[in-house]
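Participant: Sequence first, predicted coordinates after that:
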Amino acid sequence: MSPLRLLHAGLLVTLFASGAWGERSGMVEVPAGEFAPLLRSRDEPETVPVPSFWMDVHPVTNAQYLAFVQTHPLWARSQVRRLFADELYLAHWTGDFELGPGAPPDAPVVLVSWFAARAYAESRDARLPTIAEWERAAAVGIDTDDARTDPAVAAVLARWFSRPNAGPLPDVERGAANRLGLHDLFGLVWEWVEDFNTALVTGESRADTGLERNLFCGAGSVGARDNTDYPAFMRAGFRSSLRAAYAVPNLGFRCVVSP
């Protein structure tokens, strides 16, 4: 039986209950590096230093999240407060504590809110990655060190963007890991980050005089690091459309810890 199936069989419940999870179990270290923001104001630096951190090898699965819900029943589907998760929260599960055919145990959990993802991470003495951390990890390719110019990454993105996921999501770790050993950063689900809403433009863009007017509407790519980096624009646009209570069918998460 595979390790993931063993976890689904009940070992995760024991790990959560006993505190034996271990903050770096199932994680790999992402070395210190830099993050080059796609969009920045004139006064912001071109790159941001990113200290080293540890990141989950794959997105959190349904089986892992089920173990969390079993030990934290306030996050069960029928118990969660609508302030923290909308009505779609875990709608693909059969019940509060039953996955069912729509949520394979080794597939990434989706339809979870930012609040719920943070609560799960905290239960592991972990946290959600920042945008800078997630992008730092995703900048490493599969066959080369630079994901932006890696043909293997481009192929994954082309397949992912060209057709919707039909039916239940596939299991994690089906595709190749990047050169750090991280799976499924692309091609399976989008992922929550801690500061997903820091790029939001507030107010009505034609009337709000306090806005950076190079960051919306027709000038959306002016000043961008690379205006041909379509996946980065997709990620930025998706993040800016979210609210913390949203539960989205193609949005999951993974955890990180600091050294």
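Facilitator: Arrived safely, thanks for sending. Because the structure is a prediction, the values reported are computed rather than measured.
Participant: What segments of the protein are strands?
Facilitator: For the chain, the strands defined by DSSP state E occupy 27-30, 33-35, 48-50, 53-56, 190-191, 251-252, 256-257.
Participant: Find the nearest non-adjacent residue to D143, please.
Facilitator: A152 (4.5 Å; CB to CB, 6 or more residues apart in numbering). For every residue, glycine as well, the C-beta is placed using N, CA and C.
Participant: What count of nearby residues applies to that neighbour?
Facilitator: Neighbourhood size, A152 [other CB atoms under 10 Å]: 15.
Participant: dump the residue contacts of it.
Facilitator: Going by CB atoms under 8 Å, 6 or more residues apart in numbering, A152 touches 141-144, 176.
Participant: got it, and D146?
Facilitator: Counted by CB under 8 Å, 6+ apart, D146 has contacts 139-140.
Participant: pLDDT wise, what is it at?
Facilitator: Here the pLDDT value assigned to D146 is 91.
Participant: measure it to G187 for me?
Facilitator: Separation of D146 from G187 (CB to CB, to the nearest Å) stands at 17 Å.
Participant: Could you do L90 as well?
Facilitator: Following CB to CB, the distance that separates L90 from G187 is 23 Å.
Participant: These two: which is more packed in?
Facilitator: L90 (27 against 18).
Participant: Surely the more buried one touches G100?
Facilitator: No. Applying CB atoms under 8 Å as the test, L90 and G100 come out as separate, 10.5 Å apart.
Participant: Now the terminal residues of stretch 80-93, how far apart.
Facilitator: In stretch 80-93, first residue to last residue: 14 Å (CA to CA, to the nearest Å).
Participant: so H92 touches A103, yeah?
Facilitator: Yes. H92 lies in contact with A103 (CB under 8 Å); the separation is 5.1 Å.
Participant: need the helices for the stretch 101-250 of the chain, in chain order.
Facilitator: Secondary structure of the stretch 101-250 of the chain, counting by DSSP state H, counting those that start in this stretch: helices at 114-123, 131-138, 151-162, 230-240.
Participant: Any idea which of those gets closest to L180?
Facilitator: Closest to L180 of these is helix 131-138 (CB to CB; 6.6 Å).
Participant: buried ones in the closest one?
Facilitator: The neighbour-count check on helix 131-138 (16 or more other CB atoms under 10 Å) flags 131-138 as buried.
Participant: Reformat these as TSV; add pLDDT and distance to E29.
Facilitator: TSV is the format used below for these (pLDDT from 0 to 100; distance: CB to CB, whole Å):
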residue	pLDDT	distance to E29
I131	89	19
A132	91	16
E133	96	12
W134	91	15
E135	89	17
R136	94	12
A137	95	10
A138	91	15
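Participant: low pLDDT regions in the protein?
Facilitator: Across the chain, residues meeting the criterion (pLDDT under 70) sit at 1-23, 38-44, 164, 199-241.
Participant: Centre-most residue in it?
Facilitator: Nearest to the geometric centre of the chain sits E191, at 1.8 Å (CA atoms, centre = their mean).
Participant: Could you measure from the nearest residue in space to I131 that is not next to it in sequence over to V112?
Facilitator: Counting by CB to CB, 6+ apart, I131 lies nearest to V193, which is 5.1 Å off, once chain neighbours are set aside. To V112, V193 is 14 Å away according to CB to CB.
Participant: what about the two, which has more around it?
Facilitator: Using other CB under 10 Å as the criterion, V193 and V112 rank with V112 on top: 27 against 24.
Participant: pretty sure the more buried one is touching Y89, no?
Facilitator: Yes. Under the criterion of CB under 8 Å, V112 makes contact with Y89 at 6.8 Å.
Participant: Whichever of the contacts of A152 end up buried, select them in PyMOL.
Facilitator: Buried residues within the contacts of A152, by 16+ other CB under 10 Å, are selected in PyMOL with:
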select buried, resi 141+142
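Participant: one step back: Throw the strands of the chain into a markdown table and include distance to A166, thanks.
Facilitator: Formatted as a markdown table, the strands of the chain follow (distance: least, CB to CB, whole Å):
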| stretch | distance to A166 |
| --- | --- |
| strand 27-30 | 31 |
| strand 33-35 | 34 |
| strand 48-50 | 36 |
| strand 53-56 | 26 |
| strand 190-191 | 17 |
| strand 251-252 | 17 |
| strand 256-257 | 31 |
